[in-house]
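Q: here is a sequence with its predicted model. Questions after.
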Amino acid sequence: MRLTAMILAFSLTAGAVPAQQAETLADIRQDLSVLYVELQRLRTELSTTGSSGMTVGGNTIDRVNTIESALQALTSKTEEIEYRIGRVVEDGTNRIGDMEFRLCEIEPGCDVGKLGSTPRLGGGTAAVTGAAPAAPAPDTAALPSSGSGELALSEENDFRRAQEALAKSDFRGAADLFAAFRETYPGGPLEAAALLGQGKALEGNGDTRGAARAYLDAYSGYPQSEVAPESLFRLGKSLGQLGSTQEACVTLAEVASRYPGASVVADAQGQMTALGCQ
């Protein structure tokens, strides 16, 4: 990927859920159609063609070598198909869980918190991580989660404490709080948001290079998170402040390309104009 290659070439080591969008029944029907097509393709692959080109002849050593080679090819093909089926099952289960969540939102009286885990597509008892989005915490502002795991009360409180320090322009304290948060809850649902917050705090404290590194980690590690568009925009802006104008222009252009509906697209375009990007 051009953007990733460019960013990696630039050394940063010198010197860290909005409300569900409205879905229509037509969207859900389309998702079901995609799943049906995938299952039909798998069913077709399980059907035999009625013929086989494999022959076993020659002396004993030749026959053993032929059989061994055929077994290796079959084993490789089986592992490939098993991987593909696993991907379809996981994706299909997640999509069904997603549709259950959206349908529950449409249906009056349905309690999202009581949906539970989605049964695995095709049977089995193993739960699929992230099958259904977590319900927002009651009576509190929604937090920019980068995953579907549930938040512990202490985790939410620690994150909000870091946010409050940042809002009060206590940049040094906010940077320390976000860093401590990431150490205490590594890889949690708020990891991407904590990286973004840490980057803002470092930027406010004058550490532009450290801020750029945090923005890069937030974007590259969680490209589908809520904070990814802002992280990418702030990364491009930081690169411009560090004097890497060409890299900054490429990065800022990616904001509209990857996240066309994001609110920071206009900010990115304004920054490109300020940098004189072509």
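A: In hand now; what should we look at?
Q: what strand or helix carries residue 189?
A: Residue 189 is part of no helix or strand when elements are defined by DSSP states H and E.
Q: let me know the pLDDT of it.
A: Here the pLDDT value assigned to residue 189 is 88.
Q: for residue 226, phi and psi?
A: Backbone torsions for residue 226, taken as degrees, to the nearest 10, come to phi -60, psi -30.
Q: what about it, how many residues nearby?
A: 19 (other CB atoms under 10 Å). Placement of C-beta: from N, CA and C, glycine included.
Q: any figure for the gap between it and residue 197?
A: 13 Å (CB to CB, to the nearest Å).
Q: touching, residue 173 and residue 164? I think so.
A: No. Residue 173 lies out of contact with residue 164 (CB atoms under 8 Å); the separation is 9.7 Å.
Q: what about the two, which has more around it?
A: Using other CB under 10 Å, the more surrounded residue of residue 173 and residue 164 is residue 173, with 17 against 13.
Q: the more buried one: which element?
A: helix 171-184.
Q: how about that helix: buried residues?
A: By neighbour count on 16 or more other CB atoms under 10 Å, the buried set for helix 171-184 is 171, 173, 174, 175, 177, 178, 179, 181, 182.
Q: what lies in contact with the next helix-or-strand element following that helix?
A: From helix 171-184 onward toward the C-terminus, using DSSP H and E, the following helix or strand is helix 191-204. If you take CB atoms under 8 Å, 6 or more residues apart in numbering as the criterion, helix 191-204 is touched by 16, 143-147, 159, 162-163, 165-166, 169, 171-172, 174-175, 178-179, 181-182, 185, 208, 210-215, 217-218, 221-222, 225-228, 230-231, 234, 238.
Q: could you check the angle helix 191-204 makes with helix 171-184?
A: For helix 191-204 against helix 171-184, the angle by axes from the mean of the first three to the mean of the last three CA atoms, to 10 degrees is 150 degrees.
Q: just the ones of the contacts of helix 191-204 in helices?
A: When DSSP state H is applied, these are split such that 159, 162-163, 165-166, 171-172, 174-175, 178-179, 181-182, 208, 210-215, 217-218, 221, 228, 230-231, 234, 238 fall in helices.
Q: roughly how far does residue 189 sit from residue 154?
A: Residue 189 sits 14 Å away from residue 154, going by CB to CB.
Q: shaky segments in the stretch 101-250 of the chain?
A: Residue ranges of the stretch 101-250 of the chain with pLDDT under 70: 101-107, 111-152.
Q: go again using 80 as the cut-off
A: 101-154 (pLDDT under 80).
Q: re earlier: more neighbours: which of residue 189 and residue 154?
A: A direct count of neighbours by other CB under 10 Å for residue 189 and residue 154 places residue 189 higher, at 23 against 10.
Q: from residue 199, how far out is the more buried one?
A: Taking CB to CB, one finds residue 189 at 18 Å from residue 199.
Q: same question, residue 178
A: Distance from residue 178 to residue 199, counting by CB to CB: 9 Å.
Q: also residue 263?
A: Distance, residue 263 to residue 199, using CB to CB: 18 Å.
Q: repeat that for residue 246.
A: Residue 246 sits 21 Å away from residue 199, going by CB to CB.
Q: before we move on, back to that, between residue 263 and residue 199, which has more neighbouring residues?
A: Neighbours per residue (other CB under 10 Å) separate residue 263 from residue 199, with residue 199 holding more: 30 against 10.
Q: now that one, nearest residue through space, not along the chain?
A: Using CB to CB, 6 or more residues apart in numbering and skipping residues adjacent in sequence, the residue nearest residue 199 is residue 214, 3.4 Å away.
Q: residues near the one you found, how many?
A: Residue 214 has 30 neighbours, counted by other CB under 10 Å.
Q: now swap in the one 4 residues further on and tell me
A: Counted by other CB under 10 Å, the residues lying close to residue 218 total 29.
Q: OK, contacts around it?
A: By CB under 8 Å, 6+ apart, residue 218 lies in contact with 16, 192, 193, 195, 196, 199, 225, 227, 228, 231.
Q: rerun that using 6 Å as the cut-off
A: Counting by CB atoms under 6 Å, 6 or more residues apart in numbering, residue 218 touches 192, 195, 196, 231.
Q: go on, residue 265?
A: 255, 256 are the contacts of residue 265 under CB under 6 Å, 6+ apart.
Q: please repeat the previous calculation with a cut-off of 8 Å.
A: Residue 265 makes contact with 229, 255, 256, 259 under the criterion CB under 8 Å, 6+ apart.
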